[in-house]
Structure formats: structure tokens, C-alpha cells
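Student: dropping the sequence and predicted coords here.
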Amino acid sequence: MAGGVNSNFRLNISPTPLVFERGEGPYLYDVDGNKLIDYYLGMGPMILGHNPAALTAAVKTQIDSGILFAGQTAVEAEAARLVCEMVPSAERMRFGSSGSEVDQAALRVARAATGRQKVIKFEGHYHGWFDNVLWSTAPGLDAAGPYEAPKAVAGSKGQLADTAETLVVLPWNDLDLLEARLAKGDIAAVIMEAAMCNAGAVHPAAGYLEGVREACTRHGTILVFDEVITGFRLAPGGAQERFGVSPDLSTFGKAIANGFPVAAIAGRADLLDLFSTGGVVHGGTYNSQPIAMAATVATLKALQPSLYAGIDKTGTRLMSGMREIFQRAGVKASVEGFPQVFHVAFGLEEPATNYRDLARMDKQAYVAFTTALLRRGVRALERGAWFMSSEHDDAVIGQTLDVVEDAVRQIKADGA
Ligand code: PMP
């Protein structure tokens, strides 16, 4: 395997990439016998924790019926019905296999519907690893250009350079700049994480999403919420439910199937119908794979409002407990976001409002912190957010806070 891993986002993990044997609830067990409290949670999907019994049972039953049919099944119809019931803007939907793919589907539909080519995306927002969107996801501030008119910074070598010509990069949470650019009338779609989660978990400013919604409607632009992280995580109906703003299209992945490779695009019927009657192509051998659909049904049925209320409590306790520890130790760090997904930013005291704020955090000190946590049995992403599950109960949060306190003591002693 190139680099010993199968995703670049698993490369260069400090002190070393780990090899895992099994997961159970909030815990992961590696091949060396270490037990870790897991806040990676598969990079977001495992909102029910590892190996939830009802999901595992559903998958075991489904597998006895066969593996792949290239036709329709009752289980995919049930999964689709649940998505349409839970997601406020979902009049129609389609399943896909990864967030990257369904984001492509959304942009293609938006271009077909508007006859326009250009798309607005925001600095620090991630919409998959494909050429036309892997721009300015984590640019260095020295290369990012002026705030008002950020440069499109390529995320990868080998990327088709001319895809930047169909992309306009803007700072998020700034309605005036968006409004001014939309007014030219040539934008097919605005795509955004409705609450920014990849670079760090940042709330939309008061009135921002409503303003974006209104401006997109006025300028004939399709509004796409990329809810690959926020979907089924911030609320049963995702960020659009939590903030009460309805996009034209939204995309889902991760928590939709608690770890199975499932994604979805949902939204206005007239837009989704372009796939069936409007000449817009969307395909995928593994779309609505029956075993993954059984996992989807089991996951979505488990995502009751009480589950979010529970994580509201435990996540809030973890966030405020960490803030207190940093304060007591005199460590300058902010803990911001949502109880379901939040970030820890060393060197920042004020809540971030956009990518440029977050990019000023002390990344080296944060990696020293996550490394110290890992050595004490707590696994948190060294780039990005902490994810919570329903299995992280009060006892687990208490253990985590003890570990955080000890890790902070050590990094202070090391002078980091
Ligand atoms: N959009 C967002 C907001 C994401 O966080 C991700 C994955 N981190 C993607 C799209 C891409 O999803 P996938 O990795 O399943 O292709």
C-alpha cells in the first residue's frame, strides 16, 4: 500500500499510523492490545459508536439474501423513505457511495438546471477529492491571496488546472462578498458546509444562511448544502433542520449509515428529476448496495431526537470541561463548535468565524496535545474536529477529561 495506508488523510499521523483489530461502543482496540477512547469515529460516521448491535444484526440478516442485484430492492426503498422523512428539503433523493461522488452529482445537476458553469465554494470547506472542488481546502495563509478575493489554491499535484476557471473561492460567513459576486448572474451553484466542520467546527453567523438562501433565490443560483458531516449528526435532519434554512440540494454521507459506504443527494423534486427525465447522468455500481442499505435503515431508525439530546449533554460537558482545564493551566486554547462535533484550537481565544481565523491556530502545539492524548488512550484527529457518539457516556467523558488534564500537565512541563 502506498505509504502503508489507503487514504492520504491517514498518512503522517503522529507518532505513527495505528493498526486496529476491533471497535466496540466508544472504544477502539489496536493490534498491540491498546484500548483507546475514540473521537475520530471513522472521521465522523460512527454516531452510534462502534459495532452497534441492531445495525450488526440487520447487516447479518441482509447478507443471507445475496450481495448485489443491479436492480431495486425493498430495503433501498425503505432507506429512501427514511431519508425523505428526516431531511426537511428532501422531496426526492438518490443514493451514492461516497460524499465526493454525490457532491459531483449536485454540481452537475445545478449546471444542467441553470445552464451556467461557475460554482462558488468557500475557503476551508471540503467537498471531496476530485479535481473541480479540491481547491482552497487548507491553503497556507501566505498563498491564499486577499481576503475579499481569495486565490484558488490547488489541493493536489496533478490536478486539472483549468477546473479553477469554473470555480470562485470566497470567504465563508461574509454575505456582502457573496451577494456582490452572485449579482453578476453567472453562478450555477453555491456549495457550502452549512456549518463549517472540516477545518474546525464553526457556526454560521446569525442571519448568514438565511441571507445566502435569499440571495441565491434572487440570482437564480442553486444552493447546495454539503451535509456529509452535519447530516444526521447535528440533528435528525442535519444543519438545515438545526438552522431552519432549506437548500435546493443537499448531500449526505458518513453518519447516514454509521460506517457503511453510503452517500445521498436529496432536494427539490424538479432538480432530482433531471436524473430521470432531464438527461443528467448519475451512476455507480455500488449505489444502494443492499447490505449498506440495511445498515442505513438500521442507523436512521436509531437516530431518534433523544439521541441528539443525550449527545448535547455529554458533548457540552466535554467541551466545557476541556475549557476549564485549559483555563486552569493557563493554556490559550478555544473549544468551539457543537456538542456533536467540535474543534480545539491552540493559540486562539476568540471563536473562529472562518477559515482564516482557524488557520492562525498553533498546529504544532495541537499535535503535541493529540499525541500526548493518544499515549494516554484517547484518540482525537490531529487535524480537524472531535466527533461524539451516543456511546460516549458520562463515565467515558470523565475518563477523557482526566486524560486531557494529564496531557496538558505534560505539554506544559515540556514547554510546548
Ligand atoms: N464533504 C464533506 C463536508 C466532507 O467532510 C467529506 C469527507 N470528509 C466529503 C464531502 C467527501 O466524502 P467522502 O470522503 O465520503 O468522499
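Tutor: Alright, I've got the coordinates.
Student: by proximity to the ligand, which residue of the protein wins?
Tutor: Scanning the chain for the residue nearest the ligand gives residue 99, at 2.3 Å (criterion: CB to the nearest ligand atom). Backbone N, C-alpha and C define where each C-beta goes, glycine included.
Student: hang on, that residue packs against residue 133?
Tutor: No: in this structure residue 99 lies outside contact range of residue 133 using CB atoms under 8 Å: 10.8 Å.
Student: and those two? Which one has more around it.
Tutor: residue 99 (27 against 23; other CB atoms under 10 Å).
Student: give the contact list for that one.
Tutor: Neighbour list for residue 99: 127-128, 226, 228, 251-254, 263 [criterion: CB atoms under 8 Å, 6 or more residues apart in numbering].
Student: next, it: phi, psi?
Tutor: Dihedral pair for residue 99: phi -60, psi -40, per degrees, to the nearest 10.
Student: how about residue 170?
Tutor: phi -130, psi 160.
Student: ok, now which ones touch it?
Tutor: Residue 170 touches 120-123, 150, 177-178, 181, counting by CB under 8 Å, 6+ apart.
Student: now those as a markdown table including neighbour count and pLDDT?
Tutor: Shown next, in a markdown table, are those (neighbours: other CB atoms under 10 Å; pLDDT from 0 to 100):
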| residue | neighbour count | pLDDT |
| --- | --- | --- |
| 120 | 22 | 98 |
| 121 | 27 | 98 |
| 122 | 24 | 98 |
| 123 | 27 | 98 |
| 150 | 23 | 98 |
| 177 | 17 | 98 |
| 178 | 26 | 98 |
| 181 | 19 | 98 |
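Student: got a markdown table for those residues, with secondary structure too?
Tutor: Putting those into a markdown table (DSSP: H, G, I helix; E, B strand; the rest coil) gives the following:
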| residue | secondary structure |
| --- | --- |
| 120 | strand |
| 121 | strand |
| 122 | strand |
| 123 | coil |
| 150 | coil |
| 177 | helix |
| 178 | helix |
| 181 | helix |
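Student: ok, which of these also contact the ligand?
Tutor: Checked against the ligand using CB under 6 Å from any ligand atom, those give no members in range.
Student: for residue 30, state which of these is nearest.
Tutor: Nearest to residue 30 among the contacts of residue 170 is residue 123, at 35.4 Å by CB to CB.
Student: check what pLDDT the spatially closest residue to that closest one that is not a sequence neighbour gets.
Tutor: Leaving aside its sequence neighbours, residue 123 sits nearest to residue 355 (CB to CB, 6 or more residues apart in numbering; 4.3 Å). Note on residue 355: pLDDT of 97.
Student: packing partners of the helix or strand where residue 314 lies?
Tutor: Assigned by DSSP states H and E, residue 314 belongs to helix 305-329. When contacts are defined as 3 or more CB pairs under 8 Å, 6 or more residues apart in numbering; DSSP states H and E, helix 305-329 sits against strand 333-338, strand 341-346, helix 394-413.
Student: can I get the ones you listed in JSON lines with mean neighbour count?
Tutor: As requested, the helices and strands packed on helix 305-329 are exported to JSON lines (neighbours: other CB atoms under 10 Å):
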{"stretch": "strand 333-338", "mean neighbour count": "22"}
{"stretch": "strand 341-346", "mean neighbour count": "24"}
{"stretch": "helix 394-413", "mean neighbour count": "17"}
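Student: do you know which of those lies nearest residue 200?
Tutor: strand 341-346 (3.8 Å).
Student: pairing partners for the closest one, with directions?
Tutor: Sheet pairing of strand 341-346 (DSSP bridges) gives strand 333-338 (antiparallel), strand 386-387 (antiparallel).
Student: quick one: closest of the ones you listed to residue 281.
Tutor: strand 386-387 (33.5 Å).
Student: do that closest one and the ligand meet?
Tutor: No: using CB under 6 Å from any ligand atom, strand 386-387 never reaches the ligand; the gap is at least 11.0 Å.
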